[in-house]
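Asker: Please find the sequence and the predicted model below.
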Amino acid sequence: MIQGHPTSGAEADRDCPVPLATLGEIYRAEPEDLPDLLDALPVETRAKLAGYLYAKSHTHKLGLVVARTCGKDDLVKALGEIGAVVHGQAHLPPPKPVQAAPAAPQARKISLGGSGAKRSFD
């Protein structure tokens with residue numbers, strides 16, 4: 001099966017609630033520019049976009065970012081019951097960074113010969 005990539009001039013997915021050019025701008029936007037792009041979209045479109053992005057593995061996190069700009073009722077209206085789940089996940093506190101386990105102390109080297117200074121073979 002051949003799949004078109006957005007930069008190849010392919011048509012947008014029929015389920016995508018925004019034009020392909022808008023989707024590309026959102027996908028490539030810097031985190032500080034994303035709020036302005038999303039504010040330009042109507043709330044209903046943003047909620048649908050959140051669900052669309054959330055459903056795809058490679059844009060799942062971006063879908064949660066978009067969902068944070070929507071109210072729970074808007075997400076439920078646009079996505080059904082899954083909207084409540086998306087809203088809940090979008091508002092979870094970020095996970096704490098995992099700290100590496102402390103390094104094990106280095107084991108002492110064991111010598112089977114012992115110390116030559118302690119022995120005398122006369």
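Answerer: Looks like it came in fine.

Asker: So what touches the lengthiest helix in the chain?
Answerer: Secondary structure of the chain read by DSSP state H shows that its longest helix is helix 43-54. Residues outside helix 43-54 that contact it (C-beta atoms under 8 Å, 6 or more residues apart in numbering): 13, 15-18, 23, 26, 38, 41, 59-60, 62-64, 66-67, 69-71, 74-75, 77-79, 82-83, 86, 90. Yep, even glycine has a C-beta here, placed from its N, CA and C like the rest.

Asker: Look at the nearest residue to Arg68 once chain neighbours are set aside and report its pLDDT.
Answerer: Distances taken as C-beta to C-beta, 6 or more residues apart in numbering place Ala90 nearest to Arg68, at 4.7 Å, with adjacent residues excluded. At Ala90, the predicted lDDT confidence score is 94.

Asker: and what of Asp13?
Answerer: 76.

Asker: Can you pull out the low-pLDDT segments for this structure?
Answerer: Residue ranges of the chain with pLDDT under 70: 1-12, 113-122.

Asker: give me that answer again for 50
Answerer: The model of the chain has pLDDT under 50 over residues 1-4.

Asker: I'd like the C-alpha coordinates of stretch 73-89 written as CSV, please.
Answerer: In CSV, the C-alpha atoms belonging to stretch 73-89 read as follows (Å, rounded to 0.1, in the frame of the first residue of the first chain):
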residue,chain,number,x,y,z
ASP,A,73,-17.6,19.9,27.3
ASP,A,74,-16.2,20.9,23.9
LEU,A,75,-14.1,17.7,23.6
VAL,A,76,-17.1,15.5,24.7
LYS,A,77,-19.3,17.3,22.2
ALA,A,78,-16.8,16.8,19.3
LEU,A,79,-15.5,13.4,20.2
GLY,A,80,-18.1,11.7,22.4
GLU,A,81,-17.1,9.9,25.6
ILE,A,82,-13.5,9.7,24.5
GLY,A,83,-13.4,13.4,24.7
ALA,A,84,-13.6,13.1,28.5
VAL,A,85,-10.6,10.7,28.5
VAL,A,86,-8.6,13.0,26.2
HIS,A,87,-9.4,16.0,28.5
GLY,A,88,-8.3,14.0,31.6
GLN,A,89,-5.0,12.9,30.0
